[in-house]
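Asks: give me coordinates for this.
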Amino acid sequence: MPGLRLLLSAVVLLGGPGALGAQEAPEVARVRTWLDSHVPEMMREAGLPGFSIAVVKDGKTVHAEGFGARDPQKNLPATPDTLYGIGSVTKSFVAIAVLQLAEQGKLSLDDPVSRHVPFELGRPGQPITIRHLLTHSPGFPNLGTSTVLLSRGLGADTGIPMSSAADFYRFVNGAKDEVVFAPGEHFFYNNAAWRMLGHVVQERSGLPFHLYVKQRILDPLGMSRSTLDVAVALRDPDRLVPHKRGKSGPEATPFPYPNPGDNPGFSFLSAAGGVLSSANEMTRYVSALIEQGRFPGGRLAGADSVLAMQSLQIATGESHYGKTGYGYGLSVTPGFLGHTLVSHGGSISVSTAHMAFVPDLKLGVVMMGNGPGMAYGRVAETVLALLMGLDPDEVLPASRIRKRMERLVGTYATYRKVETVKVFRRNGLLYVGEEEPGTPLLPEDPAYGSLRFHTLSEGLSTPVEFKEREDGGLDLVLDRYVFHRQD
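Replies: Coordinates of the predicted model:
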């Protein structure tokens, strides 16, 4: 229905604060075309019932749409206004709350955590500070607090008590033998750390954590429907039905987070991932982060604080773009196509989200789904590259690799089809076999610039090679056979 698509696009562009108007910019048209061409298949592969996305340029929402169903049983569509659980994207809101209180003189980032909450872990003379929690570097690994809490919400209780602040600290403080690094030395993604940060906010502000975020961040931004109050969100007419992966496909399931308003003393359990929001409302937040905390009518925090959130505070590893790291509640990739990419993903198992933005170009994208996530990072990088006027297949290393891998995928047969094998792609690797799961083909060149691979079994490597024929076809040299591509 092309006419309906054009009408809906015009409505999106004409509606909402700061919209560009009916004339769609060429780069935005390319974004829309790519999304419409790729997202439905990506959803099918991931088993994701509903997906929503909104794109920001120069402080304006230039494209927003929904795919699939927010409620498959009623066949209700996902929209840019559908409320989802955004999971760990919540952590940047926690960071802002902490920085606000620091600017008010109610805490210092270099305060020992134990000064504010009953936390006991650490080494003599090496206190774990608020800054260490903000950078996931307290010296101990993730303790599984989210698994304990979300499992209970999904009907698979672990049996570990976790219903109060006392339960939480009894569990965390019992992990003394888990402190394996000095504070600040090693990045361990750590949900317990962020729950403690939420508790610090609660203690220093005098407000339950969920109310502080609502009153001091969401409401001032005009994110009136966004909330940590699960009961409020689930009464909203445009909200997700959460889904988990089942044996035969997506299965509807309850929302796993408890309502913090029912247990305000343990409100801070939501600090690791409890915000519910929509793609459209999150564009207000992304725009404020891009503008160093400024938004119409106010500031989230001082410019220096917001810039610190988006600056690499601790290294986390290497990516296709070189060094990556973490700021405060945000991941940072300094070398993304000549710019800094700031991002964060989130998952509560049955609802997922991702936001990404390039501050100096004032470009951003937010996406959400009502189930385990698809390849959100791929979508974000592609959208941002298109907004920059670039060809994703040429400039994004992962896109180039996928393209090279797809060229090798297919059915191969020996002389007169006596033997056949399939080459297929799964989870970022190529596999070979008569049927799945097959044997992984390990590339000689991680960027797949070479046609030489090998298999590995019990420490023994066996070479495998694709060869290009003069007629444009492909052969696969495997063991004693030469297989010829059939499709």
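
Asks: show me what the helix or strand harbouring Val94 is packed against.
Replies: Counting by DSSP states H and E, the element that carries Val94 is helix 90-103. Packing partners of helix 90-103 (3 or more Cβ pairs under 8 Å, 6 or more residues apart in numbering; DSSP states H and E): helix 130-134, helix 191-205, helix 209-213, helix 303-309, strand 339-347. All C-beta spots, glycine's among them, are computed from the backbone N, C-alpha and C.

Asks: now it and helix 191-205, what's the angle there?
Replies: 40 degrees (axes from the mean of the first three to the mean of the last three Cα atoms, to 10 degrees).

Asks: rewinding a little: save the helices and strands packed on helix 90-103 as CSV, and put in mean pLDDT, mean neighbour count and distance to Thr414 too.
Replies: Formatted as CSV, these follow (pLDDT from 0 to 100; neighbours: other Cβ atoms under 10 Å; distance: least, Cβ to Cβ, whole Å):
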stretch, mean pLDDT, mean neighbour count, distance to Thr414
helix 130-134, 98, 24, 59
helix 191-205, 98, 25, 52
helix 209-213, 98, 24, 63
helix 303-309, 98, 18, 58
strand 339-347, 98, 21, 44
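
Asks: Ala64 is nearest to which of these?
Replies: strand 339-347 (18.7 Å; Cβ to Cβ).

Asks: return the list of strands paired to whatever helix or strand comes next after that closest one, each annotated with direction.
Replies: Per DSSP H and E, the first helix or strand lying C-terminal to strand 339-347 is strand 352-358. Next to strand 352-358 in the sheet, as set by DSSP bridges, lie strand 339-347 (antiparallel), strand 363-369 (antiparallel).

Asks: which one of the ones you listed lies closest to Arg239?
Replies: strand 363-369 (11.2 Å).

Asks: right, and the helix or strand after the closest one?
Replies: helix 376-387.

Asks: pull the residues that contact the helix or strand following that following helix.
Replies: Next in sequence after helix 376-387, counting helices and strands by DSSP H and E, comes helix 392-395. Helix 392-395 has contacts (Cβ atoms under 8 Å, 6 or more residues apart in numbering) with Trp34, Leu337, Glu381, Thr382, Ala385, Leu386, Ser399, Arg400, Lys403.

Asks: against Arg402, how distant is the third one?
Replies: Same thing as Glu381. 12 Å (Cβ to Cβ, to the nearest Å).

Asks: ok, back up a step: for the strands paired with strand 352-358, which one sits closest to Asp479?
Replies: Nearest to Asp479 among the strands paired with strand 352-358 is strand 339-347 (40.6 Å), distances taken as Cβ to Cβ.

Asks: residues in contact with the closest one?
Replies: 85-92, 273, 289, 310, 321, 327, 329-334, 352-361, 372-373, 376-377, 380-381, 384.

Asks: so the residue nearest to Asp157 when sequence neighbours are not counted, which state does it fall into?
Replies: Nearest non-adjacent residue to Asp157, counting by Cβ to Cβ, 6 or more residues apart in numbering: Ser151, 6.2 Å away. Following DSSP: H, G, I helix; E, B strand; the rest coil, the label given to Ser151 is helix.

Asks: what's the local residue count around the closest residue to Leu207 other than its chain neighbours?
Replies: Counting by Cβ to Cβ, 6+ apart, Leu207 lies nearest to Gln215, which is 7.1 Å off, once chain neighbours are set aside. Neighbour count for Gln215, taken as other Cβ atoms under 10 Å: 12.

Asks: make 847 the first number, not 1, from now on.
Replies: Fine by me, first position is 847 from now on; the one you just mentioned is Gln1061.

Asks: Gln1061 should be in a strand, yeah?
Replies: No: using three-state DSSP, the assignment for Gln1061 is helix, not a strand.

Asks: from Arg1016, how far off is it?
Replies: 30 Å.

Asks: I'd guess His909 is in a strand, am I close?
Replies: Yes: counting by three-state DSSP, His909 falls inside a strand.

Asks: that one touches Arg876, doesn't it?
Replies: No: using Cβ atoms under 8 Å, His909 is not in contact with Arg876; the gap is 10.4 Å.

Asks: any regions of the stretch 947-1096 of the chain where pLDDT drops low?
Replies: For the stretch 947-1096 of the chain, applying pLDDT under 70 flags no range at all.

Asks: using CSV, write down the CA coordinates of stretch 1288-1296.
Replies: Provided in CSV are the C-alpha atoms of stretch 1288-1296 (Å, rounded to 0.1, in the frame of the first residue of the first chain):
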residue,chain,number,x,y,z
LEU,A,1288,37.3,-20.4,10.8
PRO,A,1289,38.6,-17.6,8.5
GLU,A,1290,42.2,-17.1,7.7
ASP,A,1291,41.4,-13.3,7.6
PRO,A,1292,38.9,-12.1,10.3
ALA,A,1293,37.7,-9.5,7.8
TYR,A,1294,36.9,-12.3,5.3
GLY,A,1295,39.1,-10.8,2.6
SER,A,1296,40.6,-14.2,1.9
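
Asks: show me what counts as buried in that stretch.
Replies: Pro1289, Tyr1294 (16 or more other Cβ atoms under 10 Å).

Asks: show me the contact partners of that stretch.
Replies: By Cβ under 8 Å, 6+ apart, stretch 1288-1296 touches Pro1243, Arg1246, Ile1247, Arg1250, Met1251, Leu1275, Leu1276, Arg1298, Phe1299, His1300, Thr1301, Leu1302.

Asks: same question for stretch 914-929.
Replies: By Cβ under 8 Å, 6+ apart, stretch 914-929 touches 858, 886, 889, 894-900, 910-913, 1071-1072, 1079, 1082, 1084-1087, 1089, 1096, 1098, 1122-1127, 1214, 1216.

Asks: ok, stretch 1143-1151 next?
Replies: Against stretch 1143-1151 from outside (Cβ under 8 Å, 6+ apart): 942, 945-946, 948-949, 1063, 1066-1067, 1134-1135, 1138-1140, 1152.

Asks: please spell out the PyMOL selection for the buried subset of the contacts of stretch 914-929.
Replies: Restricted to buried positions by 16+ other Cβ under 10 Å, the PyMOL selection for these reads:
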select buried, resi 858+889+894+895+896+897+898+899+900+910+911+912+913+1071+1072+1079+1084+1085+1086+1087+1089+1096+1098+1122+1123+1124+1125+1126+1127+1214+1216
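
Asks: sitting in helices, which of the contacts of stretch 914-929 do you find?
Replies: Val858, Pro886, Met889, Ala1079, Ala1125, Asn1126, Glu1127 (DSSP state H).

Asks: the residue nearest to the last one when sequence neighbours are not counted: which element?
Replies: It stands for Glu1127. In space, and not counting its chain neighbours, Glu1127 is closest to Met1069: 4.4 Å by Cβ to Cβ, 6+ apart. Assigned by DSSP H and E, Met1069 belongs to no helix or strand.

Asks: look up how far Leu1297 lies from the closest residue in space to Gly1119 that isn't next to it in sequence.
Replies: Using Cβ to Cβ, 6+ apart and skipping residues adjacent in sequence, the residue nearest Gly1119 is Gly933, 4.2 Å away. As defined by Cβ to Cβ, Gly933 lies at a distance of 40 Å from Leu1297.

Asks: between these two, which is the more surrounded one?
Replies: Using other Cβ under 10 Å as the criterion, Gly933 and Leu1297 rank with Gly933 on top: 27 against 20.

Asks: make sure the more buried one is actually in contact with His1200.
Replies: No: contact criterion Cβ under 8 Å: Gly933 and His1200 do not qualify, at 9.3 Å.
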